[in-house]
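A.B. asks: Mind folding the following:
(chains A, B, C and D)
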2 protein chains.
Amino acid sequence: MATIDRKKQIVDAATNSFSLFGYKATTIDQIAKIANVGKGTIYTFYKNKEELFHEIISSLIKEMKDGVEDILEEDLLFYEKADRALFKLLEFRTDHQLMIKLIQEEKELGTPTVKEVIQNIENMIIDYLKTIIQKGIEKGEIKPCNPELTAFVMLKLYIALIFDWDQLRKPLEKDEISDLFKLYLLNGLSNR
Amino acid sequence: MATIDRKKQIVDAATNSFSLFGYKATTIDQIAKIANVGKGTIYTFYKNKEELFHEIISSLIKEMKDGVEDILEEDLLFYEKADRALFKLLEFRTDHQLMIKLIQEEKELGTPTVKEVIQNIENMIIDYLKTIIQKGIEKGEIKPCNPELTAFVMLKLYIALIFDWDQLRKPLEKDEISDLFKLYLLNGLSNR
DNA sequence: AAATGACCAAGTGGTTAAAATAGTCATTAA
DNA sequence: TTAATGACTATTTTAACCACTTGGTCATTT
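C.D. replies: This next block holds a predicted model:
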């Protein structure tokens, strides 16, 4: 049709701006300007800046889920599923412009809204892992355990290995991390 | 003797002040006042504020080590040693006034000197765990593995379980955490 | 009915002066 | 002679101020 999709323009402009400058440093005026739209128009679609932000984060979360949804269905062993999913989901922290900016803003400015949103994303990851773990338990591949707590531990382990360990020693390769996951969480350190 | 031990007075005053107000909010004037000592006297013992702080942290680290040194010698299984040591060492974060204040200051102000000092303390913990792990490997109790990396993972796991999990769900009991350590890292999740 | 930008109250940022602070050093006390 | 000191200084930090920006509204225009 001839009419322009103002909502899409706004969302696109906001996504770009949030990705480039972060949440706090992005202004509504800026978004309106980039979107070629009056400022008031934005408020006909969204109650406020935060709501617009949350819509964009919803898309990000959807995008993340879409990237791993097939893993759930594939015929893989528990640890392969978990390993692949975690890598794909955590890869956003290094590859996805918006996610990179959000992590940076949380660390450097501690913007509450951003903190909250990152927590939401982590909760999504935990939720997703939970499903994998539950299936693993049902199939008898792994011992019965609290799926949510286990998901939480797995996420923490991967974050530590991928993003924290290199502050002490030289970074680990992807394969090494997968092996460590198998050693530590799957087979355990015990010799008996 | 009749002469007063000015150095001790300074260290005591500084320890109290750092414990109460943190590193940044403690002033040299304040320390001198509490210690009943001229400000210049402090600089006859220490090059600057940071050096005085580091001396006090050295004492803290010594205190922490002293609290767990016997564990190394006791006739315990690997996981008992590791579990007890980690608990005792991490307990300082909730029980030791100075440590509490430092953790708080790192989170709220991000004072670089404090960050550095907390990193030193964590390195000490990792070093200590490393010894326990190496002994465990030598005795054949656990599989061969990178002791430092394993220590790092164990520390991260305990911190996550003790201090982070309760932001999602209800806090875990000490016993639960020990059991989780055995389940996750020692025996592993695998069913075969 | 949808879109808009001038408008407003609240908050941020830049500026400068005043206060506080870490560290020095000439003087004093032992 | 040596140890201790606090007035002093250079550098930060804080406070107060105002101009500017910002998120959000709403009467007007399209």
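
A.B. asks: After the host helix or strand of A:Asp29, heading C-terminal, what element do we hit next?
C.D. replies: Assigned by DSSP states H and E, A:Asp29 belongs to helix A:28-35. On the C-terminal side of helix A:28-35, the nearest following helix or strand under DSSP H and E is helix A:39-45.

A.B. asks: and the angle for the next helix or strand after that following helix with helix A:28-35?
C.D. replies: Sequence-wise, the next helix or strand downstream of helix A:39-45 (DSSP H and E) is helix A:49-73. Angle of helix A:49-73 versus helix A:28-35, following axes from the mean of the first three to the mean of the last three C-alpha atoms, to 10 degrees, is 60 degrees.

A.B. asks: which outside residues touch the one helix or strand A:Leu89 maps to?
C.D. replies: Using DSSP H and E, A:Leu89 sits in helix A:78-95. With C-beta atoms under 8 Å, 6 or more residues apart in numbering or on different chains as the test, helix A:78-95 has contacts from A:60, A:64, A:67-68, A:71-72, A:74, A:76, A:99-100, A:103, A:125, A:128-129, A:132-133, A:135-136, A:139, A:141-142, A:154-155, A:158-159, A:162-163, A:174, A:178, A:181-182, A:186, B:190. From N, CA and C alone the C-beta is placed, and that goes for glycine too.

A.B. asks: Which of these fall within helices?
C.D. replies: Of these, the ones assigned to helices by DSSP state H are A:60, A:64, A:67-68, A:71-72, A:99-100, A:103, A:125, A:128-129, A:132-133, A:135-136, A:154-155, A:158-159, A:174, A:178, A:181.

A.B. asks: Quick check, pLDDT for the residue of chain A found nearest DNA strand C.
C.D. replies: When scored by C-beta to the nearest atom of the strand, chain A has A:Gly40 as its residue closest to DNA strand C, at 1.8 Å. pLDDT, A:Gly40: 96.

A.B. asks: Give me the neighbour count for it.
C.D. replies: 9 (other C-beta atoms under 10 Å in any protein chain shown).

A.B. asks: Nearest the middle, which residue of chain A would you pick?
C.D. replies: For chain A, A:Ile121 is the residue whose C-alpha lies nearest the centre (C-alpha atoms, centre = their mean; 4.7 Å).

A.B. asks: you'd agree it is in a strand?
C.D. replies: No: applying DSSP: H, G, I helix; E, B strand; the rest coil, one finds A:Ile121 to be helix, outside a strand.

A.B. asks: now it: how far from chain B?
C.D. replies: 14 Å (C-beta to the nearest C-beta, to the nearest Å).

A.B. asks: ok, for that residue, nearest residue in space, not its chain neighbours?
C.D. replies: A:Ile61 (6.2 Å; C-beta to C-beta, 6 or more residues apart in numbering or on different chains).

A.B. asks: thought that neighbour was touching A:Asn120?
C.D. replies: Yes: shown here, A:Ile61 and A:Asn120 form a contact pair, counting by C-beta atoms under 8 Å, at 7.2 Å.

A.B. asks: Just checking stretch A:101-113 against chain B, any contact.
C.D. replies: No: Stretch A:101-113 is not in contact with chain B by C-beta under 8 Å from any C-beta of the partner chain; minimum separation 9.0 Å.
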